[in-house]
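Colleague: got a sequence here, can you build the structure:
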Amino acid sequence: MLEYIVMAFSVWFAGFFPFFEIYVAIPYGFVIGLDIYSVVFWAVLGNYLPVPLIEYGYGKLERFAWFRQWQQRLIKPSLEEKINRRGKWFIAVFTPWIGVWAVAVTCKVLKVRKDILMKYTFVGIAAYAIVLALLIELGISVIG
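Modeller: Predicted structure coming up:
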């Protein structure tokens, strides 16, 4: 049991750590011997965790007047509306490619709504993890 916990934590950490994220966490999970369900679960959990952390931390920053003023100068309300209306699938598709940390911070700066950020980053991360894990599992099955 302790061995599984150590392996699961290492996959979770690889998913959480910037620059490794899902790209490293999924193959790493297979290399250390986890099953496909554990690999996907722990990698997605680790890779998704920065989104609520950034959401929470950014909310704390918005309490400062200087930060709110900077943010208001940065983005116009018309752009904010367009991003919230049309940017959902961009977030889902490009989160795994760009990186969850960068996407989450950028979305907060651009005032993407919390529900859109939380939902579509998760969809993108989970879909990418499942596809990547299935491709690796298929490759291992064919070769092995």
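
Colleague: so where's the chain shaky on pLDDT?
Modeller: The model of the chain has pLDDT under 70 over residues 141-144.

Colleague: what comes up buried for stretch 23-41?
Modeller: Neighbour-count burial for stretch 23-41, counted by 16 or more other CB atoms under 10 Å, picks out Tyr23, Ala25, Ile26, Pro27, Tyr28, Gly29, Phe30, Leu34, Ile36, Val39, Val40, Phe41. Yep, even glycine has a C-beta here, placed from its N, CA and C like the rest.

Colleague: next: stretch 87-106.
Modeller: Going by neighbour count (16+ other CB under 10 Å), the buried part of stretch 87-106 is Gly87, Lys88, Ile91, Ala92, Thr95, Pro96, Gly99, Val100, Trp101, Val103, Ala104.

Colleague: among these, which one sits closest to Leu110?
Modeller: Closest to Leu110 out of those is Gly87 (8.1 Å), distances taken as CB to CB.

Colleague: phi and psi next, for the closest one.
Modeller: Dihedral angles of Gly87 (phi, psi; degrees, to the nearest 10) stand at phi -90, psi 0.

Colleague: what of Leu110?
Modeller: Main-chain torsions, Leu110, degrees, to the nearest 10: phi -80, psi 10.

Colleague: and the longest helix for this protein?
Modeller: For the chain, the longest helix by residue count, based on DSSP state H, is helix 114-143.

Colleague: in this structure, which spans are helices?
Modeller: So, for the chain - with DSSP H - the helices run 2-16, 21-31, 36-48, 50-61, 65-74, 77-86, 88-98, 100-109, 114-143.

Colleague: could you check the angle helix 50-61 makes with the longest one?
Modeller: When axes from the mean of the first three to the mean of the last three CA atoms, to 10 degrees is applied, the directions of helix 114-143 and helix 50-61 differ by 160 degrees.

Colleague: of all the residues in helix 114-143, which ones are buried?
Modeller: 116-118, 120-126, 128-129, 132-133, 136-137.
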